[in-house]
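S.K.: Next input, structure requested:
(2 chains)
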Amino acid sequence: MERIEVLKTYKLYIGGQFPRTESGRYYALTNKQGATIANVCLASRKDFRNAVVAARGAFAGWSSRSGYNRSQILYRIAEMMEGRKQQLVDELLLQGISKSLATKQVETGIDHWVYFAGWCDKYQQVFSAVNPVQSSHFNFSVPEPTGVVAAIASQDSPLVSLIDLIAAAIAGGNTIIVLASSKYPLCAITLGEIIATSDVPGGVVNILTGKQEELLGQFASHMDVNALVLPEIANDLLEKAKLEGANNVKRVHHYKNTNWERGDFLQPYPIMDLQEIKTTWHPIEQIGSSGSKY
Amino acid sequence: MSKRINKSKVTELDFSSVWSYAASPESTDHIKIAPRYEHFINGEFVKPTSGKYFKTINPTSEAVLSELAQGNEKDVDKAVKAARKAYTEVWSKMSGAERGKYLYRIARMIQERSREFAVIESMDGGKPIRESRDIDIPLVAAHFFYYAGWADKLEFAFPGKSVAPIGVCGQIIPWNFPLLMAAWKLAPALACGNTVVLKPAETTSLTAMKLAEVIRDCGLPPGVVNIVTGDGVAGAAIVNHPDVDKIAFTGSTDVGKIIQRATAGTDKKLTLELGGKAAHIIFDDAPLDQAVEGIINGIFFNQGHVCCAGSRLFIQESVHDKVIRKLKDRMNTLVVGDPLDKNTDVGAINSAEQLGKINHYLKLGVKEGAEIWQSSCAIPRKGYFCKPTLFLKASQSHRIVQEEIFGPVLAVQSFRTIEEVIEKANNTPFGLSAGVWTDKGSRIFNLTTKLRAGVVWANTYNKFDPTSPFGGYKESGFGREGGLHGLSAYLKI
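M.R.: Residues are numbered from 1 along each chain as shown, chains lettered A, B, ... in the order given. All right, here's what the predicted structure looks like:
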């Protein structure tokens, strides 16, 4: 007798755990033939708010990790993902993506983790400055993470865009809540499982599945979200998000025409978009100011 | 100190009976202020389309100094058209080296006319001549000088990227550092190859119009810099103009949010430098006399009309009483009065409106239960003045602790532990600046790392430099002004 396959329940990833949506709602994901592949959580406003609490709670710890440590953890994600490569490919196939594209998505995604892992302890050096002020002060400027980031992954780049958005945010010490592609949500949750087993502290990355039009307003208006990243979005929705975002002077970043698979995001600048520059001053003593002759 | 001495009896020193200063006013006879100033559009001084003017007064004497063109949508449209034309035909095509030379010229001419600028700044805005002469105007010249040198070196600023100017920039500036804010806006914008429509604040437009004369005299191509005076109508017209590519605003958080909303449906780039409510933290191991000087400079510099003013003072409990005693003594020596007098420490409040707002908060603080203490100084009967004020025993929930007052009013709280003060300091929607005083190096870096603010002064306060980026976290805005980082506000990267 043929063995009955165990089907996987896809849930949300919030605060290091995999809860079902508190709303109990779902949407059915179907394949091309119309058969149900999975019942996907339709995340609610409350799920998002829980995720923000988790992300805020994780921020102090994650942002104070050393760049080296964050780098190792991002690299660990790449290692874990390599090990589960076939599962991700299978999920993309199941959702109707061609074999060659699916493999490309997964392999590119892994390589992008490695790319951003490398930046964790380098962007600070590239974008910091010791400023030659006129007065007798030591003055330097360094990037620091903006805080809690909310993002929406590209609909048609379900894995690579998701990875790029998460990686750019957390490489820089931010914590993030990201909404997966509603067309291809399955591998997003599997990515959550990979992240959960890669020494990423709970709450640093939170992944929701659901409807953009339902959650965008919540993403934009939440007063404890510092930045909003919206790669692809209709103009009217973008305008609405910016309007709501102004309530707490949110940093809203919109990346038009990004080709994720080509590697458009492979730069330090997406990391820097989620950084604040902090400048510190301290006096320099003037005794012995004539200096040494040697 | 001996335990037998009753501390409260020895604390207050009476300076008023000991000495007084002879008046030492800065001369104004060489200052020429025209009875009327027009808009500066396309290299010429042009009358406002409305034919209307508004008066600008001296907040010290309440006398009318001059009148300025009342800008509206039509004036702004003219200015934007001039800026666009100058951008496409001249400025964006000019080499960086040549742009830089114009900026050097401007810097030099400001230095040559610096005393005139300083005196007018103090007459129109109320700030002490010592500050306008020694801080504002030298920084203005230095800012132009610094960014002049960037104009032909931009390709080295952002590794791996080619950069381009954004286009026409609309810039709206506040009344607290009128000419300095104009310089912060204009210098990087022009160095990066943009053209500008600038609107100075309604109560402090005179030095901007004097700057227009400098710009004209420097031979800057017409339309590269346009200055439209007026109120919020002119400001809104700049923000809403469809042919403006970028808005840079310095001002209140409330107006900043309005501007962020107004640009939501557009591709306009935006940088905002908004309000603050800085924590100024004094640890028990700090050099207390220096710290008191820092507190004074933090909150009474420019009458407290400073977005980064150290307006929330946190003193470690073990030295609280001692610091307050020293602070009161020092406050009693502050000379409040004629901004043009070289002895003056605290000048005039910028406008009747602002004085009303400060007085509102003074009443509110008392009503909320904080303990008010004011310097014993005399203040002039005429003009807008406010005594340097402390609110003791303030608490986190007080509105005088939560809201930006923009005046010489300091809310004082005490703390016991480092954890507590970090929590209290960061517990605000603002994040512009902070200060910390301690003798311990490792503690300085602990604090400066954990304070969520764009500028942190350690064992100093309220220092500024063209090379030093300035700007906020959270609701204090985004983008930086000054330094290499300030370039990114005016470039497509």
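S.K.: Tell me how many other residues crowd residue 43.
M.R.: I went with chain A, as the question did not name one. A:Ala43 is surrounded by 30 other residues when neighbours are defined as other C-beta atoms under 10 Å in any protein chain shown. (Glycine included, C-beta is placed from N, CA and C.)
S.K.: To clarify, I was referring to chain B.
M.R.: By the other C-beta under 10 Å criterion, the neighbourhood of B:Gly43 contains 19 residues.
S.K.: Spell out which parts of the stretch 151-294 of chain A neighbour chain B.
M.R.: For the stretch 151-294 of chain A, the residues in contact with chain B (C-beta under 8 Å from any C-beta of the partner chain) are A:226, A:235, A:239-240, A:242-243, A:245-249, A:251, A:267-269, A:276-283.
S.K.: mind running it again at 6 Å?
M.R.: Remark: the part of the stretch 151-294 of chain A in contact with chain B comprises A:239, A:242-243, A:246, A:248-249, A:251, A:276-283, using C-beta under 6 Å from any C-beta of the partner chain.
S.K.: which of the residues you listed has the most neighbours?
M.R.: With neighbours defined as other C-beta under 10 Å, the most crowded of those is A:Thr279; it has 28 neighbours.
S.K.: Check which helix or strand that residue maps to.
M.R.: Taking DSSP states H and E as the criterion, the element that holds A:Thr279 is strand A:275-283.
S.K.: just A:Ala60 next, same as before
M.R.: Element membership for A:Ala60 (DSSP H and E) is helix A:45-63.
S.K.: just checking, what packs against that helix?
M.R.: Identification of packing neighbours for helix A:45-63 by 3 or more C-beta pairs under 6 Å, 6 or more residues apart in numbering or on different chains; DSSP states H and E yields strand A:175-179, strand A:205-208, helix A:212-221.
S.K.: can you rerun that using 7 Å?
M.R.: strand A:148-152, strand A:175-179, strand A:205-208, helix A:212-221 (3 or more C-beta pairs under 7 Å, 6 or more residues apart in numbering or on different chains; DSSP states H and E).
S.K.: Bridged to A:Ala28, which residues?
M.R.: Listed by DSSP bridges, the beta-bridge partners for A:Ala28 are A:Asn39.
S.K.: Give me the neighbour count for B:Val152.
M.R.: Rather than Val, residue B:152 is Asp. Neighbours of B:Asp152 under the rule other C-beta under 10 Å: 16.
S.K.: Look up the pLDDT of the closest residue to it other than its chain neighbours for me, please.
M.R.: Once flanking residues are discounted, B:Asp152 sits nearest to B:Gly96: 3.5 Å by C-beta to C-beta, 6 or more residues apart in numbering or on different chains. Model confidence at B:Gly96, expressed as pLDDT, equals 98.
S.K.: try B:Ala352
M.R.: Listed pLDDT for B:Ala352 reads 97.
S.K.: Now for the spatially closest residue to it that is not a sequence neighbour: which residues touch it?
M.R.: The spatial neighbour of B:Ala352 that comes closest, neighbours along the chain excluded (C-beta to C-beta, 6+ apart), is B:Tyr384 at 5.9 Å. Contacts for B:Tyr384 (C-beta atoms under 7 Å, 6 or more residues apart in numbering or on different chains) come out as B:59, B:348-349, B:351-352, B:355.
S.K.: Now do B:Tyr384 against chain A, distance only.
M.R.: Shown here: B:Tyr384 relative to chain A, a distance of 30 Å by C-beta to the nearest C-beta, to the nearest Å.
S.K.: That residue in helix, strand or coil?
M.R.: Of the three states, B:Tyr384 takes coil according to DSSP: H, G, I helix; E, B strand; the rest coil.
S.K.: quick one, phi psi at the closest residue to chain B within the stretch 1-150 of chain A?
M.R.: When you check the stretch 1-150 of chain A against chain B by C-beta to the nearest C-beta, the closest residue turns out to be A:Val133, at 3.9 Å. Listed backbone geometry of A:Val133 is phi -70, psi 160, with angles given as degrees, to the nearest 10.
S.K.: Now do the same contact list for it.
M.R.: The contact partners of A:Val133, taken as C-beta under 7 Å, 6+ apart, are A:139, B:465, B:467-468.
S.K.: Report how many residues lie close to the closest residue to it other than its chain neighbours.
M.R.: Once its chain neighbours are removed from consideration, A:Val133 has its nearest residue in B:Asp465; the separation is 3.9 Å (C-beta to C-beta, 6+ apart). B:Asp465 is flanked by 22 other residues according to other C-beta under 10 Å.
S.K.: Quick check, B:Asp465 in contact with A:Gln134.
M.R.: Yes - taking contacts as C-beta atoms under 7 Å, B:Asp465 lies within contact range of A:Gln134: 5.9 Å.
S.K.: Any residues of the stretch 301-450 of chain B in contact with chain A? List them.
M.R.: Counting by C-beta under 7 Å from any C-beta of the partner chain, the stretch 301-450 of chain B comes close to chain A at B:429, B:444, B:448.
S.K.: Is the first one in a helix, a strand, or coil?
M.R.: I take that to be B:Pro429. Here B:Pro429 is recorded as coil under three-state DSSP.
S.K.: Pull the contacting residues for the closest residue in space to it that isn't next to it in sequence.
M.R.: Counting by C-beta to C-beta, 6+ apart, B:Glu475 is the residue found nearest to B:Pro429 once chain neighbours are left out, at 4.2 Å. Applying C-beta under 7 Å, 6+ apart, we find B:Glu475 in contact with A:248-249, B:253, B:274, B:429-430.
S.K.: how about 10 Å then?
M.R.: For B:Glu475, the set of contacting residues under the criterion of C-beta atoms under 10 Å, 6 or more residues apart in numbering or on different chains consists of A:223, A:247-250, B:253-254, B:256-257, B:272, B:274-277, B:428-432.
S.K.: doesn't A:Asp199 fall inside a helix?
M.R.: No - note on A:Asp199: no helix contains this position according to three-state DSSP, which reports coil.
S.K.: Compute the number of surrounding residues for B:Lys387.
M.R.: For B:Lys387, using other C-beta under 10 Å, the count is 18.
S.K.: so it sits in a helix?
M.R.: No - secondary structure of B:Lys387 (three-state DSSP): coil, not part of a helix.
S.K.: Spatially nearest residue to it (excluding sequence neighbours)?
M.R.: B:Gln374 (4.2 Å).
S.K.: Would you agree the one you found is in contact with B:Val346?
M.R.: No - with the criterion set as C-beta atoms under 10 Å, B:Gln374 and B:Val346 do not qualify as a contacting pair; they are 11.9 Å apart.
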